[in-house]
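Undergrad: need coordinates for the following:
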Amino acid sequence: MSAPWKVRRRRRQQQCQQQQGDLVTGGDINTTLTFGVEADVLVHPSHSNTPVMCHPPYDASRVDITLSEFIARLDDVIRKDGIPNNVRLIVKLDFKNVEAVRPSLDIINAHSLHAQRNVEVWLNADILLGPGHPQKSRNPTVPPHEFISLCTSALPTCTLSLGWTHGEGTPLGYTPHMAQEIVAVTNTLKQHVTLAASAMHLYATPTSTRNELLRHFSQQDETTRGRRTLTLWGPAPFLVRRWFRRLPRDTTYVDVAAASWKAEFAAWYIALWRLLGYHDVRLL
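TA: Coordinates of the predicted model:
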C-alpha cells in the first residue's frame, strides 16, 4: 500500500512548512487545505478482476489489502466523520497496468466515492514514453487512448492525471517530441487534466519546450480555465523548488521530496549554463 501523499493548490495557502518530504500547509480558518491519498494499483496476477494496492513488481508478501477493501474503509471514514468545509480530499489511483483500470472504476462507482462532498477522484497513468529510457524501449504498459476511453466513459467527472514513464538514465528533461505528444493526447479532452511531470525533469527541459508545456497546462486562457493544471512530483533540488514557486499558484500542485546531492549538482549545472545564455542545454 502506498504511503499517503499531501498535495496543495498553491493559491489558497499563506504559510507552509516542509515535513518528511511533503509540503504541508497551514493558515487561517478561511484557508482551503488540499490533502491527498495515493494508491498504486495493479491487477492481481492470479485474479484478473482483483485490483490490489501494489507497486510493480508484484510481491505477494507485500500485498496486504485489495483496492476494494481500501476504498470501502475510506468510504466508511468519510461517511462517518465527514470532511470539514475547508478541506478538500483527493483520492488518486496510480495505475501500473491497464488490466487494473476497468475493475477499479467499477469499485469506485459502487461506492459513489466521486460523489462525496469535497472529494475528488484522480486517475493517473504513465501513458507515454518519457526520458531516461533506451531508444528502443518498449511502450508504456498503459496505452493512452484505451486508458482515457475507459476513464471518461466510467467516470466522466474525474480528473485525468497523465504523464510519461521515467527511466533511470540520461539525458534529463522532456524533448519537444514528448511535449508535442502529451499536448496532442490531451488537447481535445473536456474534463480536468493535470499534467503529472517530474519536477526535476521539467526544470531540466529546454526552455522553449518547457514554456510550451506551461502554456498548455499552467497558463490558462478562457478555453482551458479550470480544466488544465500541473502536478509536480519527485525529488526536487533547491533550485527546482525556487523555480516552481514562481509558477501560477491557482494551477500548480506540488508533491515533492528531498533530492540527492547528484540531483542538486545537476540543477546547479543546468542553471549555470542558462545563466551563460544556453537555455536549450540538456544534461547528458
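
Undergrad: surely Val101 is in a helix?
TA: Yes - the assignment for Val101 is a helix, going by DSSP: H, G, I helix; E, B strand; the rest coil.

Undergrad: and it, how close does it get to Ser46?
TA: As judged by C-beta to C-beta, to the nearest Å, Val101 and Ser46 stand 18 Å apart. Glycine gets a C-beta too; all of them are placed from N, C-alpha and C.

Undergrad: more crowded one of the two?
TA: Using other C-beta atoms under 10 Å as the criterion, Val101 and Ser46 rank with Val101 on top: 23 against 8.

Undergrad: ok, now which ones touch the more buried one?
TA: Val101 makes contact with 95, 123, 125, 142, 147, 150-151 under the criterion C-beta atoms under 8 Å, 6 or more residues apart in numbering.

Undergrad: let's see that with 6 Å instead.
TA: 95, 150 (C-beta atoms under 6 Å, 6 or more residues apart in numbering).

Undergrad: from Arg88, how far off is it?
TA: 24 Å.

Undergrad: quick one, strands of the stretch 1-150 of the chain?
TA: Assigned by DSSP state E, counting those that start in this stretch, the stretch 1-150 of the chain shows strands spanning 8-9, 15-19, 22-26, 33-44, 47-53, 87-95, 119-128.

Undergrad: make CSV from those and add mean neighbour count, mean pLDDT and distance to Gln219 to it.
TA: Output for the strands of the stretch 1-150 of the chain, formatted as CSV (neighbours: other C-beta atoms under 10 Å; pLDDT from 0 to 100; distance: least, C-beta to C-beta, whole Å):
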stretch, mean neighbour count, mean pLDDT, distance to Gln219
strand 8-9, 21, 45, 16
strand 15-19, 11, 31, 23
strand 22-26, 17, 35, 22
strand 33-44, 21, 86, 21
strand 47-53, 17, 82, 36
strand 87-95, 22, 92, 22
strand 119-128, 23, 94, 21
